[in-house]
Each structure stands twice: as C-alpha cells, then as structure tokens.
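> The sequence and its predicted three-dimensional model are supplied below.
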Amino acid sequence: MNFTSIRVITGDVARLVGFYERATGVRADWSTDDFAEIRTASATLAVAGDRTVPLFAPGSARPADNHSVIIEFLVDDVDRVYRDLSDAVTDFVQTPTTMPWGNRSLLLRDPDGNLVNFFTPVTPAAVARFAR
C-alpha cells in the first residue's frame with residue numbers, strides 16, 4: 001500500500017491553491033475548476049471545491065472545519081519559509097521553534113484555518129530519520 005494524498009475540501013479552490021502554490025513553490029495541476037493537485041516527490045495535496053462532496057456522499061465533508069489534522073511539509077529551510085510567508089499568513093500558531101524530537105517547526109493556519117506544519121530536521125537523529 002502507498003499513501004498518496006490528502007484532499008482538502010474548500011469553498012474557494014483558487015484561493016487555497018494559490019496559498020499552497022506560494023507556500024510550496026509547486027505549481028498546481030488543475031483537472032477542473034473544482035479540483036487541483038499540488039504534487040511533491042512523496043505525496044500530493046489535493047484541493048477540491050465543496051461542490052465535489054455530493055459526488056462521494058452528501059454532507060460527508062465541510063470546508064474550513066478541520067480540527068484534528070495537520071498538513072506537514074518537509075522543507076530545506078523552515079526559517080526561510082517563515083520569512084517568505086510572513087506577509088501572506090495572518091495566523092502563525094508557532095514561529096520557527098526547535099522541537100524536542102529534533103525538527104525545527106513552523107505551525108500556521110492556511111486561509112481555511114487548517115493547521116500546516118513546515119519543518120526542517122536539525123539534529124543528527126532527525127536528519128537521519130528523513131534521509132532519502
């Protein structure tokens with residue numbers, strides 16, 4: 001089995017995709033006006049409009065209502081990401097901080113309020129965990 005993607009349901013696909021394109025530096029691949037994907041080497045962040053929900057199960061997902069999932073991105077320099085997004089993000093939950101497990105982490109909310117963690121391994125043990 002391979003984990004392939006996380007899909008975020010939103011009321012404003014273009015706004016959310018624009019945020020993630022800026023945050024990741026990856027251009028989205030658009031399938032329709034209601035569906036786009038940000039593809040990285042290891043996983044895909046899919047963004048879908050709320051009009052797609054009834055195709056699966058009406059009422060099964062609601063935009064901007066996540067309180068349990070954190071979307072995480074491994075980056076080369078979390079401090080640079082913080083600087084690059086400082087004028088675009090209004091809700092930094094935690095500025096870059098070195099965590100006890102060895103990652104330097106930036107936690108923020110995307111335009112829909114979803115938690116997003118950008119992190120860089122900084123201790124030898126953390127670097128070894130993410131070596132590819």
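Done, it's in.
> and the chain, what are its domains?
Using automatic domain parsing, the domain parsing of the chain gives 1-58, 66-132.
> Compile the ones you listed into CSV and extend it with columns for mean neighbour count and mean pLDDT.
For the C-beta atoms, the positions are set from N, CA and C on the backbone; glycine is no exception. CSV is the format used below for the domains of the chain (neighbours: other Cβ atoms under 10 Å; pLDDT from 0 to 100):
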stretch, mean neighbour count, mean pLDDT
domain 1-58, 15, 95
domain 66-132, 15, 95
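> after the helix ranked longest in the chain comes which helix or strand?
As assigned by DSSP state H, the longest helix anywhere in the chain is helix 13-24. With elements assigned by DSSP states H and E, the helix or strand that comes after helix 13-24 is strand 29-32.
> got the CA positions of that next one in CSV?
Output in CSV follows, covering the C-alpha atoms of strand 29-32 (Å, rounded to 0.1, in the frame of the first residue of the first chain):
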residue,chain,number,x,y,z
ASP,A,29,-2.1,20.7,-11.8
TRP,A,30,-5.7,21.6,-12.4
SER,A,31,-8.2,18.9,-13.5
THR,A,32,-11.3,21.2,-13.3
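> how about the CA coordinates for the next helix or strand after that strand, as PDB?
As assigned by DSSP H and E, the chain's next helix or strand after strand 29-32 is strand 35-39. Coordinates of each C-alpha in strand 35-39 appear next as PDB, following Å, rounded to 0.1, in the frame of the first residue of the first chain:
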ATOM      1  CA  PHE A  35     -10.100  20.200  -8.300                       C
ATOM      2  CA  ALA A  36      -6.300  20.800  -8.300                       C
ATOM      3  CA  GLU A  37      -3.300  18.900  -7.000                       C
ATOM      4  CA  ILE A  38       0.000  20.100  -5.600                       C
ATOM      5  CA  ARG A  39       2.300  17.100  -6.300                       C
END
